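> with the sequence up front, the predicted model follows.
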Amino acid sequence: MNLKRVYGVVFACAVVVYLGALRNHFAWDDTQIIVKSDLVHAWSGVWRAFQVPYWPSDWGGFLYRPLTVSTFALDWHLGGAGWFHAVNILWHGAASVLVAVLAAAWVGPDGSREPGAGGDVTGMRAALVAGLVFAVHPVHVEAVANVVGRAELMATVFTLLSVYAAVERGSVWWSAAAWVGGLLSKENAAVVPALVAAAWILGVGEAGRERPTRRRIATFVVSWVLVGIGYAALRSAVLLPYPQQGNRAPVFAGLSGLQIRLTGVAALADLMRLLVFPLVLRVDYSPDERTAVRVPWDPSFLVGLLSLACWVALVVLVLRRKRKDAALGLLWIGIAYAPVANLLFPAGVIMAERTLYLPSVGIALALAAWLARAETRVVTMVMVVVTLAGGIRSAVRVPVWRTDEHVMLSILEDSPLSYRGPMSAGIIYLEEHQAAKAYDAFDSAIAVYPLDGRLYLLKAHAAFETGRSALVDSILAPVRRACLPGCGADFYGAEATLARQIGDKVMGDSLEAYKARKVIPNK
């Protein structure tokens, strides 16, 4: 078997595992980003996507992922939901092959693949292991089987291309071009310079055979600065007209900076579990499925700290044994996870499996470095187990993302303590004009986690729908108390604006009418 055949096997495996996604419809965030987006429905959206935020203005107008949205606009005119999912599968196949390419180039007796003397065999084995592990890893299901997960897929593909162009080809321009593609797909591609620097410092791949000169490094640094400034300027110009209220996870409400970071450390236990043994998967990790950590002696923080200590110990161990390839795989996990770790700054989630798509490249590379030099019998046995177990678990998980109802039922089953389960059920009830059931569902969600202000707006919407507008004052009273004095005199106007930002235009109009003591508009 040669490398081309290895890449073909990897690509085929990545595609076969996700064939079930072709039956999926649009679900969850797909509705707002694609189904209800006038931008995506127009051919002009292919280029106008670069002029507007990722989330529509009605939803607050935040984040900037124009290249991803541009592909949605193109896909809208080429096919239905099945076509969207097929494109996602192809992106995943491409990412899996690129992981195999990096493994073939980087794994070797001293951390770099040397030609001859068995080096080519080592490289092929590493490529097969890394590619297959990445292709079937169950933590990828959310990113691949939910259409908006394409942002993760595209950002990862462009990140891999950028790193390969820099480390293996020494090409400033190709690396910079790929990095631009990654940044315009999703913000987490910002880690490219750190990944390249780690490869250079460790001397992996081409950098191990011929260290980049200071002039070459300086040229790359200049390109990174220019690309970074250009991207930041473009992003700021697009988002400036929209009030950016921050994209902080609801679990962080009322927490200090230290407590947010304690909670971030606690989440590292889930990170390690999902990368190493992803048997239990969840759509949602919101309270009370996962709760905030307020003190450093909280057991969940201690478990997370132990996970961090194990990762550091592994990095030190492989470095002492001069296993540069394995060390880079482990470091890749930490570098790629950093933007969503809630350690540098608060993120929009405490944990989301889709955000582990890029970090999981590291576990594939590390496992390839370990198995590439093992006996053939051991490699065969491990890879048969990993490929079958991972492939089956992924394929079984894919239907969870078929519809909003499937997602909601998964939350209720897999995360029974999370308030997002009854919250999602309430939203579906509203869409089905079952306002009384929606009212009770939002009540249940508030009982679990009363700190998410969206719940009160949704409950007030249900009250309007059931003709109980007199309850609105009492329903929104906790929100009003929480926001004083910052909400000012125009409380209901501010809440109407917030309702529109979470996609509830009817509620926004109702609150405006309620404020003016007019007749509440009918839906």
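Structure received.
> buried set for stretch 440-450?
440-442, 445-446, 448-449 (16 or more other CB atoms under 10 Å). No exception for glycine: its C-beta is placed from N, CA and C like everyone else's.
> I misspoke; the intended subject was stretch 462-472.
Residues of stretch 462-472 classed as buried: 462-465, 469, 472 (neighbour count, 16+ other CB under 10 Å).
> same thing with stretch 221-232?
By 16+ other CB under 10 Å, the buried positions in stretch 221-232 come out as 223-224, 227, 231.
> R65: which of the residues you listed is nearest?
Nearest to R65 out of the buried residues of stretch 221-232 is Y231 (CB to CB; 11.7 Å).
> quick one: the closest residue to the closest one other than its chain neighbours from L74, how far?
In this structure, Y231 finds its nearest non-sequential neighbour in L183, 4.9 Å apart by CB to CB, 6 or more residues apart in numbering. Distance, L183 to L74, using CB to CB, to the nearest Å: 19 Å.
> before we move on, what about A369?
Noted for A369: a distance of 38 Å to L74, by CB to CB.
> with neighbour numbers in mind, choose between these two.
Between A369 and L74, counted using other CB atoms under 10 Å, A369 has the larger neighbour count: 28 against 15.
> mind listing what that one touches?
Contact analysis of A369 by CB atoms under 8 Å, 6 or more residues apart in numbering lists 107, 126, 323, 325-326, 329.
> among those residues, which one sits closest to N24?
Checking the contacts of A369 against N24 with CB to CB, the nearest one is G329 at 31.3 Å.
> ok, how many other residues are close to that closest one?
For G329, the neighbour count with other CB under 10 Å is 29.
> please look at it and A366 and confirm they touch.
Yes: taking contacts as CB atoms under 8 Å, G329 lies within contact range of A366: 3.1 Å.
> contacts only, for A425.
Here A425 is in contact with 408, 412, 441 (CB under 8 Å, 6+ apart).
> in helices only, show me the residues you listed.
If you go by DSSP state H, those have 408, 412, 441 in helices.
> distance of the second one relative to F442?
With distances defined as CB to CB, the gap from L412 to F442 amounts to 15 Å.
> so which residues of the stretch 301-450 of the chain form helices?
324-337, 360-371, 376-397, 404-414, 420-431, 435-448 (DSSP state H, counting those that start in this stretch).
> what about the closest residue to L305 other than its chain neighbours, distance to V472?
Distances taken as CB to CB, 6+ apart place V265 nearest to L305, at 5.7 Å, with adjacent residues excluded. Applying CB to CB, the value for V265 to V472 is 40 Å.
> one more: M1?
From M1 over to V472 the distance is 68 Å, taken as CB to CB.
> what does L153 give?
Where V472 is concerned, L153 sits at a distance of 43 Å (CB to CB).
> and this structure, what are its domains?
3-401, 419-515 (automatic domain parsing).
> dump these to JSON lines, plus mean pLDDT.
Below are those laid out as JSON lines (pLDDT from 0 to 100):
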{"stretch": "domain 3-401", "mean pLDDT": "91"}
{"stretch": "domain 419-515", "mean pLDDT": "75"}
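> give me the residue at the spatial middle of this structure.
Residue closest to the average C-alpha location in the chain (CA atoms, centre = their mean): T355, at 2.6 Å.
> isn't that residue right next to N342, touching?
No: applying CB under 8 Å as the test, T355 and N342 come out as separate, 11.0 Å apart.
> show me where this structure has its strands.
Ranges of strands in the chain, per DSSP state E: none exist.
> farthest-separated two in the contacts of A369?
Largest separation among these by CB to CB: A126 and R323, giving 12.5 Å.
> what about the two, which has more around it?
Neighbour totals were compared for A126 and R323, and A126 leads with 30 against 22 (other CB under 10 Å).
> distance of that one from A103?
To A103, A126 is 4 Å away according to CB to CB.
> equivalent analysis for R125, please.
With CB to CB as the criterion, R125 and A103 are 9 Å apart.
> show me the common contact partners of these two, please.
Common neighbours of R125 and A103 (CB under 8 Å, 6+ apart) are 368, 372.
> which one's more surrounded, the two?
Shown here are R125 and A103; by other CB under 10 Å, A103 has more neighbours (33 against 23).
> contacting residues for the more buried one?
By CB under 8 Å, 6+ apart, the contact list for A103 reads 123, 126-127, 129-131, 364-365, 368, 372.
> ok, 7 Å please
Contacts here follow CB atoms under 7 Å, 6 or more residues apart in numbering; on that basis A103 touches 126-127, 130, 365, 368.
> same thing with I411?
I411 touches 283-284, 418, 420-421, 424, counting by CB under 7 Å, 6+ apart.
> try it again with 6 Å
The contact partners of I411, taken as CB atoms under 6 Å, 6 or more residues apart in numbering, are 283-284, 420-421.
> any idea how far the closest residue to it other than its chain neighbours is from P287?
Once flanking residues are discounted, I411 sits nearest to G421: 4.2 Å by CB to CB, 6+ apart. With distances taken as CB to CB, G421 is found 12 Å from P287.
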